[in-house]
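Trainee: Next input, structure requested:
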Amino acid sequence: MNRTLATLCVLASLLCSTAVSAQTCNRDCLTRHLDTYLAGVSAHKPEAAGLWVGFRQTENSVVIPEGQGLWKLMTGLGSVQRRYLDPVQSHAGYYGTVMLGEEEAVVALRLKVQWNQVTEAEWFISRKSDPGMTGEPAKTPFNLETLRATLPAQRVVPRGQRLQREALQAVVNSYFDGITSHNSYIVKGHPGCTRYENGFPTFNTPMTPAMDLGNNGKTDCRTQGDFGVAIVAIRDFYVIDEESQTVMASAIFRREAKNTKRRNHFTEVFHIDHGKIRDIHAAFYYAPDDRPAPNWPPYDGLFPLPAAYH
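Mentor: Residues are numbered from 1 along each chain as shown. Next up is the predicted model:
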């Protein structure tokens, strides 16, 4: 009886191991799927992108059918291309630019791979002509020249200098906590850490004496601005690349009561050095009031919005 039970346990273990391995996608696997998918989009060929039958794609939180949206508009990758990989979550990330005909847009992409197919794609797309936080056209922060000159790192950090994934997430979470709490001292960042929003620098301006954090009187990524943010909501740490010590995280700035500015839905790429944030690169858009965002389970859109928030 014991021998039979032991045999069954071994068989069950082997079956379980086989099932897990069949769904595991390592760094090479994720890179292959990411490149195949991007090539398929650029060629306007969903059938060549390795998509699962239940594939779902959003662009700035709007669900896009296969063959529409970027499938029609995107003609290739742009001058900035960065790839980050998370085999634990089976997610690949792309941050940089893509070509929309003659126009170059700043983007971030989350790609999920299961069953050796691409099951999800979530795009954040920013163009120079996009509306700003008040809805006025061509007022979004945007600077391709600066982005090209201050490229996000693409690196392999020596094993002895790497933080575990839980620690990487905690460091990044301190940044969001600092914004929600309006307290720069919460943020685990290096003095002089940089922050670019669609390539536009949001640091190195004069700092008020009351908020001097020891950066020669200049603001950095730790400094709290007048964002009018009630809370940094729906934090999703969807790529934690332990090899490069990089985190790609998305969230939404939900505004304070009576603040009429649009919600800011974004992906930010954080590079971590020795337990602190070194630089941040964001791709984002300002969501209209009537747009469900982020429009991915378990958050189906925060729509309709509570009357106190915009």
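Trainee: mind listing the strands for this protein?
Mentor: With DSSP state E as the criterion, the chain has strands at 51-59, 62-63, 76-86, 91-100, 103-114, 117-126, 189-197, 200-201, 229-241, 246-255, 263-273, 276-287.
Trainee: Can you name every helix or strand that the last one contacts?
Mentor: So the one you mean is strand 276-287. Counting contacts by 3 or more CB pairs under 8 Å, 6 or more residues apart in numbering; DSSP states H and E, strand 276-287 packs against strand 103-114, strand 117-126, helix 165-181, strand 189-197, strand 263-273. Every residue, glycine included, has its C-beta placed from N, CA and C.
Trainee: could you give the angle of the third one to strand 229-241?
Mentor: Relative orientation of helix 165-181 versus strand 229-241 (axes from the mean of the first three to the mean of the last three CA atoms, to 10 degrees): 160 degrees.
Trainee: any idea of the mean pLDDT for helix 165-181?
Mentor: Average pLDDT, helix 165-181: 96.
Trainee: ok, now which ones touch the residue nearest the centre of the chain?
Mentor: Nearest to the mean C-alpha position of the chain, by CA atoms, centre = their mean, lies residue 267 at 3.3 Å. Neighbouring residues of residue 267 by CB atoms under 8 Å, 6 or more residues apart in numbering: 95, 108, 110, 124, 248, 249, 250, 282, 283, 284.
Trainee: how about 6 Å then?
Mentor: Going by CB atoms under 6 Å, 6 or more residues apart in numbering, residue 267 touches 108, 124, 250, 283.
Trainee: The first one against residue 94, yeah?
Mentor: So the one you mean is residue 108. No: the criterion here is CB atoms under 6 Å, and residue 108 misses it with residue 94 at 7.0 Å.
Trainee: ok so, going back, relative to residue 158, which of the strands of the chain is closest?
Mentor: strand 263-273 (11.8 Å; CB to CB).
Trainee: got the contacts of residue 267 as TSV, with pLDDT and distance to residue 137 columns?
Mentor: TSV is the format used below for the contacts of residue 267 (pLDDT from 0 to 100; distance: CB to CB, whole Å):
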residue	pLDDT	distance to residue 137
108	98	22
124	98	19
250	97	24
283	98	19
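Trainee: What separation is there between the residue nearest to the centre of the chain and residue 40?
Mentor: Noted for residue 267: a distance of 21 Å to residue 40, by CB to CB, to the nearest Å.
Trainee: now swap in residue 67 and tell me
Mentor: 11 Å.
Trainee: the more surrounded of these two?
Mentor: residue 40 (19 against 11; other CB atoms under 10 Å).
Trainee: In contact with that one, which residues?
Mentor: 48, 49.
Trainee: Tell me how far it lies from residue 282.
Mentor: Applying CB to CB to residue 40 and residue 282 gives a distance of 26 Å.
Trainee: just residue 294 next, same as before
Mentor: From residue 294 to residue 282 the distance is 15 Å (CB to CB).
Trainee: Also residue 218?
Mentor: 20 Å.
Trainee: Which one of these two is surrounded by more residues?
Mentor: Neighbours were tallied for residue 218 and for residue 282 using other CB under 10 Å; the higher tally belongs to residue 282 (24 against 15).
Trainee: low-scoring stretches of the chain, by residue?
Mentor: 1-23, 210, 225-226, 300-310 (pLDDT under 70).
Trainee: 80 instead?
Mentor: Applying pLDDT under 80 to the chain flags the ranges 1-23, 208-212, 214, 224-227, 299-310.
Trainee: Walk me through the domains of it.
Mentor: Structural domains annotated on the chain: 27-129, 159-287, as defined by automatic domain parsing.
Trainee: Tell me which of the ones you listed approaches residue 136 most closely.
Mentor: Using CB to CB, the domains of the chain put domain 159-287 closest to residue 136, at 10.0 Å.
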